[in-house]
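Chemist: coordinates for the following, if possible.
(one chain, ligands or ions: 1)
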Amino acid sequence: MASLGFNLGFTFSSAQIQQHRKVSGGGRVRVISCNSSSSSSSSSQASSPQGISAATPPEIELEFFGPKPGSDGSYPVDKAKAVSGEKLLRSIMQDTKIELYAAYGKVMNCGGGGSCGTCIVEILDGRDLLNERTDTENRYLKKKPESWRLACQTIVGNKENSGKVVVQRIPQWKK
Ligand code: FES
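Modeler: I've put the predicted structure just below:
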C-alpha cells in the first residue's frame, strides 16, 4: 500500500484519504511529504500501515513582535514553530536566537530559574494555548497586566493543542 504523509500540523482522516483516492481515480497514491523547516526531520516520523502520519505531534506557531518600530514605522516580526507542550517559551526563543532580555536581563538573568523576573513577555494572542501562570509569575508580575508572562515559566502548548501564539518582546519598553 502506498503512503501519504503530510507534516502540516494536521492529519487526514481515513474518510478524507478515501475521498482523495476517488478523486485520483483509485490508482496509486503518490507519497507526498511537506516540511517547511527541514527535510531531515520527516524521516524520523512514524507512519501507520496506511501511510497516514498519525504520529505527527501538534505544533504551535509563534510570532514575536519587536519592542520598537523600524524606520518604516512597523514592528519587526520573527517567527518560530514548536511541538506542542514540549518546550518553555524561553528555550524556544533561545533556540531560534530571538532576543528575550532587555539590557539588564541580558547580563543579570537567572538562567531560567524563575528567580530574577527579567524574562518578561506579553502574550498578544493565543494565551489559551499556554499553561496557567505559575506562583513564581504571580509573585513577579503581581501588578502587571494579565497578559504578561515570564518566558521561563511559560510552556508553549499542552501536547494536544495547536494554533498560533503572538508574543510582544520586552513589553516594558512600550509602557
Ligand atoms: S530567566 Fe529569571 S525569572 Fe525567567
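Chemist: and stretch 63-81, what's buried?
Modeler: The neighbour-count check on stretch 63-81 (16 or more other CB atoms under 10 Å) flags 63-67, 78, 80 as buried. C-beta: built from backbone N, CA, C; applies to glycine.
Chemist: so for that stretch, first residue to last residue, what's the gap.
Modeler: Counting by CA to CA, to the nearest Å, you get 9 Å between the two ends of stretch 63-81.
Chemist: contact partners of it?
Modeler: Stretch 63-81 has contacts (CB atoms under 8 Å, 6 or more residues apart in numbering) with 37, 59-62, 92-93, 95-96, 98, 124, 164-171, 173-174.
Chemist: picking up where we left off before, the buried residues of stretch 63-81: which ones sit near the ligand?
Modeler: With CB under 6 Å from any ligand atom as the criterion, no member of the buried residues of stretch 63-81 is in contact with the ligand.
Chemist: redo those residues as a markdown table? Include pLDDT.
Modeler: What follows is these, written out as a markdown table (pLDDT from 0 to 100):
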| residue | pLDDT |
| --- | --- |
| 63 | 98 |
| 64 | 98 |
| 65 | 97 |
| 66 | 95 |
| 67 | 93 |
| 78 | 98 |
| 80 | 98 |
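Chemist: reformat those residues as TSV; add secondary structure.
Modeler: TSV is the format used below for the buried residues of stretch 63-81 (DSSP: H, G, I helix; E, B strand; the rest coil):
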residue	secondary structure
63	strand
64	strand
65	strand
66	coil
67	coil
78	strand
80	strand
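Chemist: spell out which parts of this protein neighbour the ligand.
Modeler: Within reach of the ligand by CB under 6 Å from any ligand atom, the chain has these residues: 109-110, 112-119, 150, 152.
Chemist: which of the buried residues of stretch 63-81 lies closest to the ligand?
Modeler: residue 64 (16.3 Å; CB to the nearest ligand atom).
Chemist: do you know how far that closest one is from residue 83?
Modeler: For residue 64, the distance to residue 83 equals 18 Å [CB to CB, to the nearest Å].
Chemist: for residue 166, same thing?
Modeler: 18 Å.
Chemist: rewinding a little: now the two most distant members of the buried residues of stretch 63-81.
Modeler: For the buried residues of stretch 63-81, the farthest-apart pair by CB to CB is 67 and 80; their separation is 17.1 Å.
Chemist: quick one: secondary structure of residue 92?
Modeler: Assignment for residue 92 (three-state DSSP): helix.
Chemist: I figured it hits residue 86, correct?
Modeler: No - the pair residue 92 and residue 86 fails to qualify as a contact (CB atoms under 8 Å) at a distance of 9.2 Å.
Chemist: what's the closest non-adjacent residue to residue 163?
Modeler: In space, and not counting its chain neighbours, residue 163 is closest to residue 129: 5.1 Å by CB to CB, 6 or more residues apart in numbering.
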